[in-house]
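*Asks:* Turn this into a structure:
(4 chains)
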Number of protein chains: 2
Amino acid sequence: MSPAEPTSCSAPAKLRADARRNRDKLVETAAAAFAEKAGEASLEDIARQAGVGIGTLYRHFPTREHLVEAVYRRELEGLAAAATELAATHPPDVALEEWTRRFVGYMATKRGMANSLRILMTSNSALFAEGAGLVRGALDGLLQTASSQGFVRKDIETTDLLHALSSIYSIPDGPEWRQRAHRLIGLLMDGLRARK
Amino acid sequence: MSPAEPTSCSAPAKLRADARRNRDKLVETAAAAFAEKAGEASLEDIARQAGVGIGTLYRHFPTREHLVEAVYRRELEGLAAAATELAATHPPDVALEEWTRRFVGYMATKRGMANSLRILMTSNSALFAEGAGLVRGALDGLLQTASSQGFVRKDIETTDLLHALSSIYSIPDGPEWRQRAHRLIGLLMDGLRARK
DNA sequence: CGCATAAACGGAGGCGCCTCCGTTTAACCT
DNA sequence: AGGTTAAACGGAGGCGCCTCCGTTTATGCG
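*Replies:* Numbers count the residues shown, from 1 in each chain, chains lettered A, B, ... in the order given. Take a look at the predicted model:
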């Protein structure tokens, strides 16, 4: 195995140290800005908050969609990593529930980016498929473990659960959104634990 | 029947004379601009070319999509009207062929508007359906006449033909696009006339 | 007509997007 | 270390989007 890789793993190789630093800072800042201002955040603001010039932002991310993509990918990777970590530190059913809650947190940040994501989806669906695969794999691992050890029922497949989770997307916007989503998850999890 | 209605029929009612005039001029100018510059035309340019202020454009069409919608609708109405006229002045098979050629001309103007149209399609699909209905009706009339009078074979339905025509959309962009499209139509029409 | 008034006009200005290019700096070589 | 150079930086500036509001004008009424 090669030495540890401390920086974000989804960045292109062979970047000068300062470039890598700025790139990471931009993605991090953008993630926060998109989460807060729902994808409508101004790129100039993001550059300013990240402490770099607007030119630097545009060199790293030629279009808004490139930046969205980087944020999207980073968060999906984080989500997949969380699954592994949760599996190692919690009972399987708790890990599963906690992971789905994080999944909802993730989706919450995406609500306002619908437009950019749609563009991304139609113009570069390969990336989307890859992201979906990551999520699916993570959920699959958690569910397999939990069900094989008898913590949850066995007649529910990953696809079913994923489908149920994605339905959260269609909950109408509003102040109660998050609350509703978490109630729905509680319901799903109780259902899963009820061994038929 | 009420008196003749000389102005564009898809405009809202009860507009002051100057407002109606400016609105029509804007739609007309926009249609030309979108056709030429592929939907990327600047709204400021369109207003300037139409001889009105930018404020006037925005009062009539609050977003780019509203203007796109107006152009889109106007052209579909023109297309439907052309079907009636062609049917009255040409043999049925010629009318059919000529109309499909105009249909291609129409689609050619839409190639660059894909983005705006997609937004329109997802955010207001009712309009889209209405437009599609207009086109379908026009084609249906022409095809019925032609086939009932024995000018074209009878085993092809409107839906089939519409589907074949819409495939033109997927011809890759390029200088030869129009030529390819017309070759395809010639092929379709010869096929239609070949009475099995 | 001439007046009142509501409707419509139009463009200045603020903001965001993106490019271009002069300046800075990390990385490599001797 | 000091020098060289290509990579990276950053912000000014041009352009388009959109809003806001002071000015103009069509229209209906006495």
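
*Asks:* Quickly list the domain ranges of chain A.
*Replies:* Here chain A is described, according to automatic domain parsing, as comprising the domains A:14-62, A:65-193.

*Asks:* in chain A, which spans are helices?
*Replies:* Across chain A, reading from the start of the chain, the helices by DSSP state H fall at A:17-37, A:43-50, A:54-60, A:64-89, A:92-110, A:114-123, A:125-148, A:158-166, A:177-193.

*Asks:* Do any residues in the fourth one lie close to DNA strand D?
*Replies:* The reference is to helix A:64-89. No. Contact of helix A:64-89 with DNA strand D is not found when judged by C-beta under 7 Å from any atom of the strand; the minimum separation is 13.8 Å. Heads up, the C-betas are built off the backbone N, CA and C, glycines and all.

*Asks:* Report the mean confidence score over that helix.
*Replies:* Average pLDDT, helix A:64-89: 91.

*Asks:* So which elements touch that helix?
*Replies:* With contacts taken as 3 or more C-beta pairs under 8 Å, 6 or more residues apart in numbering or on different chains; DSSP states H and E, helix A:64-89 sits against helix A:17-37, helix A:43-50, helix A:92-110, helix A:114-123, helix A:125-148.

*Asks:* and of the helices of chain A, who's closest to residue B:171?
*Replies:* Evaluated over the helices of chain A, closeness to residue B:171 peaks at helix A:114-123, with 18.2 Å, by C-beta to C-beta.

*Asks:* Quick one: closest of the helices and strands packed on helix A:64-89 to chain B.
*Replies:* Taking C-beta to the nearest C-beta as the criterion, helix A:114-123 is the member of the helices and strands packed on helix A:64-89 that comes nearest to chain B, at 7.3 Å.

*Asks:* coming back round to it: take the helices and strands packed on helix A:64-89 and write them to TSV, including mean pLDDT and distance to chain B.
*Replies:* Shown next, in TSV, are the helices and strands packed on helix A:64-89 (pLDDT from 0 to 100; distance: least, C-beta to the nearest C-beta, whole Å):
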stretch	mean pLDDT	distance to chain B
helix A:17-37	92	20
helix A:43-50	96	19
helix A:92-110	86	16
helix A:114-123	68	7
helix A:125-148	86	14
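
*Asks:* Just put the ones you listed in TSV and tack on distance to DNA strand C and mean neighbour count.
*Replies:* What follows is the helices and strands packed on helix A:64-89, written out as TSV (distance: least, C-beta to the nearest atom of the strand, whole Å; neighbours: other C-beta atoms under 10 Å in any protein chain shown):
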stretch	distance to DNA strand C	mean neighbour count
helix A:17-37	3	18
helix A:43-50	4	17
helix A:92-110	18	19
helix A:114-123	10	16
helix A:125-148	18	16
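
*Asks:* CSV for those, including distance to residue B:144?
*Replies:* Formatted as CSV, those follow (distance: least, C-beta to C-beta, whole Å):
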stretch, distance to residue B:144
helix A:17-37, 53
helix A:43-50, 54
helix A:92-110, 48
helix A:114-123, 36
helix A:125-148, 39
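
*Asks:* which residues sit in contact with the closest residue to residue A:149 other than its chain neighbours?
*Replies:* The shortest distance from residue A:149 to any non-neighbouring residue, by C-beta to C-beta, 6 or more residues apart in numbering or on different chains, is to residue A:92 (5.5 Å). With contact set as C-beta atoms under 8 Å, 6 or more residues apart in numbering or on different chains, residue A:92 has these partners: A:142, A:145, A:146, A:149, A:151, A:152.
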